[in-house]
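Colleague: predicted coordinates and the sequence they were generated for:
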Amino acid sequence: ITRIVNLTTLEVRAGPKVAQAGGACAALALPVGREGEERVQVCAIGGTDGNHNNGTFLDSMRCFSRASRSWHEPVERMPMAMDHANAVLIPAGTCARDDPSRVLLLDFRTAHYSNQRTEVLAIDLPEKNRQSAPAKRPRWYVYSNDTNSLPRDGAGGVLASGGGVILSFGGVYYA
C-alpha cells in the first residue's frame, strides 16, 4: 500500500494498493498520462519483490492513474532488473534545445549486496506521451557507462544548477 502524507496537517493515510510489491524502488512524478487521464502520474521504478536480502528484483516502471484508479506500464521494461536506483527527471530542453524530457537511473544494483552497476540508464519521454499501443512505448537505453567510476547503490540524487548537474549523495559500495 502506498502512503500519502499531507504536508500541511502531517496526516498520514493509506493510498492505493501497489500492483506489485516493490521495496527499494525509485519513485518520481512523471508526465506519462494516457489519453483522457491526468498528465502527471506517480511512478515506481524497479525495486524488490519480497525480502530485501533475497527478494526478486523488478524491471518495470509502474505508474498510478487516479482517473482509472489503476496501475499501468507506460514504457517498455528495463534491460535489467534492479533495486536501490536513483531516478532523476531531466526536463525537456535541458541539455539541448530539442531534447525531450528524460528519466535517468543511476547508482543501482542487480544482485543482492553486490554487483552495483556503472551504467546510467535512460528513457526519453515523448512530448505528448499519449501512445496506448505497446509497440510504440518508449524503450530504455544505456545513456552512459563510465567504467572508471565507483559504482554504489542506495544513493540519493537531485538535479542542480538549472538542470545541468546531477548530485549523487551517499550510497554503498560492496567490495
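Modeller: Here it is on my side, so go on.
Colleague: beyond the least confident helix or strand in the chain by mean pLDDT, next helix or strand please.
Modeller: Taking mean pLDDT, DSSP states H and E as the measure, the chain has strand 114-116 as its least confident helix or strand, at a mean of 73. Sequence-wise, the next helix or strand downstream of strand 114-116 (DSSP states H and E) is strand 119-125.
Colleague: quick one: contacts of the following helix or strand past that next one?
Modeller: Next helix or strand after strand 119-125 toward the C-terminus (DSSP H and E): strand 141-145. Strand 141-145 has contacts (CB atoms under 8 Å, 6 or more residues apart in numbering) with Pro79, Arg102, Leu104, Thr118, Glu119, Val120, Leu121, Ala122, Ile123. (C-beta placed from N, C-alpha, C; glycine too.)
Colleague: could I get those as a markdown table with pLDDT, distance to Leu89 and neighbour count?
Modeller: Shown next, in a markdown table, are the contacts of strand 141-145 (pLDDT from 0 to 100; distance: CB to CB, whole Å; neighbours: other CB atoms under 10 Å):
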| residue | pLDDT | distance to Leu89 | neighbour count |
| --- | --- | --- | --- |
| Pro79 | 94 | 19 | 13 |
| Arg102 | 93 | 8 | 18 |
| Leu104 | 93 | 8 | 19 |
| Thr118 | 83 | 21 | 15 |
| Glu119 | 87 | 18 | 20 |
| Val120 | 89 | 14 | 19 |
| Leu121 | 93 | 14 | 24 |
| Ala122 | 95 | 11 | 18 |
| Ile123 | 95 | 10 | 23 |
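Colleague: what number of residues lie near Leu7?
Modeller: 6 (other CB atoms under 10 Å).
Colleague: repeat that for the one 5 residues further on.
Modeller: As a burial measure, Val12 scores 10 neighbours (other CB under 10 Å).
Colleague: ok, so what distance separates it from Asp107?
Modeller: 28 Å (CB to CB, to the nearest Å).
Colleague: what about this protein, any weak spots by pLDDT?
Modeller: 115, 128-135, 174-175 (pLDDT under 70).
Colleague: swap in 80 and give it another go.
Modeller: Applying pLDDT under 80 to the chain picks out residues 1, 19-22, 34-36, 114-117, 126-136, 147-157, 162-164, 168-175.
Colleague: in it, which residue is closest to the centre?
Modeller: Among the residues of the chain, the one closest to the centroid is Ile45, at 3.8 Å (CA atoms, centre = their mean).
Colleague: got the contact list for the nearest residue to that residue once chain neighbours are set aside?
Modeller: Excluding its sequence neighbours, the residue lying closest to Ile45 (CB to CB, 6 or more residues apart in numbering) is Ala26, at 4.3 Å. Ala26 sits next to Ala44, Ile45, Gly46, Gly47, Ala85, Asn86, Ala87, Leu105 when contact means CB under 8 Å, 6+ apart.
Colleague: nice, that's everything, thank you.
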